[in-house]
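>>> Please work out how this folds:
(one chain, ligands or ions: 1)
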Amino acid sequence: MRYGKWWVTRRLTFLLILALFLVSARSGVNVLVGNYSGSTFLGVIPAVDPLLAIQSYFATGGLYQTAIIGAVLVGALYLVVGGRAFCGWVCPLGVVVDFANWLSRKLKIKRPFQGFSSSTKYYMMGIVLVGATISGVALYEMYNPVSILHRAILFEGVGIGAVSWMIVGILFLYELGVARSGWCKSLCPQGAFYSTLGKFSLMKVVANEGRGSIPKNIGEVCPEPAALVNILNHERQNGECTLCGACVDYAGNGSLSFTLKPGS
Ligand code: SF4
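Below you'll find the model as predicted:
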């Protein structure tokens, strides 16, 4: 693992967003009020998780105008910066999973399971939407581990319910001892939504011919090896890349880089 400029930038971005949530929640200053599912920036700009908006629509048959605007803004943002940039740069659960993964490597734990196929998360997204339609509420949001973590960090601390901690704990242990990127790559419904956006997003990682060799073991730093293979083969992006920049940092010679351009 090489802690290069993209790793540092990514962590600072995560901390900045978290700090804005914290400051707003604790001080009452309207910078970024809300949570990772729905928030308001500077008191006027709404941001709504598009998957939550779709769930709400399926559940109730309607959406408030603010929710529509917020979901469109968030969708447009990730269409530019990369669908799964949410996973790599913003999601608090991603940090927990990264820590579990780091610990697993340090402790040399042999994880016996490759994880479910990455297409499983699309079925999970389908189940979430069917669940919302049948129940009439955005059911998944009650047990969405991202929302749970947000509540734990900002409001409830250790007072958060045992079931909630159990969900986060199970995901941590699953990553630590069972399967690498077991939740994020294979099972997360939000990951499925953002992967879908990522197939069409402007920001992407590309392999540059003639800029130096790509380290042979580069796959070890990538949480989404299928995305890396995709990039190295100059194939159409499959939307799985989290734009984490680990491969760009690790190569360190310009053979891999971020680029902002339409098309694959
Ligand atoms: S391909 Fe590179 S940027 Fe994308 S997930 Fe893998 S390491 Fe991160």
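>>> Do I have it right that Ala94 meets Ala85?
Actually, residue 94 is Gly. It isn't Ala. No. If you go by CB atoms under 8 Å, Gly94 and Ala85 don't touch, sitting 10.6 Å apart. In this view, the C-beta of every residue, glycine as well, is placed from N, C-alpha and C.
>>> tell me, what's touching those two both at once?
Thr242 (CB atoms under 8 Å, 6 or more residues apart in numbering).
>>> Quick one: mean pLDDT for stretch 257-264?
Mean pLDDT, stretch 257-264: 83.
>>> CA atoms of it as CSV?
Presented in CSV, the C-alpha positions along stretch 257-264 are these (Å, rounded to 0.1, in the frame of the first residue of the first chain):
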residue,chain,number,x,y,z
SER,A,257,-4.2,8.5,-14.3
PHE,A,258,-7.5,10.2,-13.7
THR,A,259,-9.1,11.7,-16.7
LEU,A,260,-12.3,13.7,-17.3
LYS,A,261,-13.8,12.8,-20.7
PRO,A,262,-17.1,11.5,-22.1
GLY,A,263,-17.3,7.9,-23.5
SER,A,264,-15.6,4.8,-22.2
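>>> Off-centre distance for that stretch?
Put simply, stretch 257-264 sits 19 Å off its chain's centre (CA atoms, centre = their mean, to the nearest Å).
>>> Over to stretch 252-264?
Offset of stretch 252-264 from its chain centre (CA atoms, centre = their mean): 20 Å.
>>> Next, the buried residues of it.
Buried residues in stretch 252-264, counted by 16 or more other CB atoms under 10 Å: 255-257.
>>> Which one of the residues you listed is nearest to the ligand?
Nearest to the ligand, judged by CB to the nearest ligand atom, of the buried residues of stretch 252-264 is Leu256 at 6.9 Å.
>>> helices or strands next to the host helix or strand of Gly191 in the packing?
For Gly191, the host element (DSSP states H and E) is helix 189-198. Under the contact definition 3 or more CB pairs under 8 Å, 6 or more residues apart in numbering; DSSP states H and E, helix 189-198 sits against helix 50-60, helix 65-81, helix 120-135.
>>> rewinding a little: Cys244: which of the buried residues of stretch 252-264 is nearest?
Cys244 has its nearest neighbour among these in Leu256, at 11.9 Å by CB to CB.
>>> Hmm, that closest one is touching Gly245, no?
No. At 9.1 Å, Leu256 does not count as touching Gly245 under the criterion of CB under 8 Å.
>>> between the two, what contacts are shared?
Val205.
>>> and Leu260, backbone torsions?
Note on Leu260: its backbone torsions stand at phi -120, psi 100 [degrees, to the nearest 10].
>>> just checking, it touches Met203?
Yes. If you go by CB under 8 Å, Leu260 and Met203 touch, sitting 5.3 Å apart.
>>> In TSV: the buried residues of stretch 252-264, plus secondary structure and distance to Glu209.
Listed next are those as TSV, based on DSSP: H, G, I helix; E, B strand; the rest coil; distance: CB to CB, whole Å:
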residue	secondary structure	distance to Glu209
Ser255	coil	8
Leu256	strand	11
Ser257	strand	12
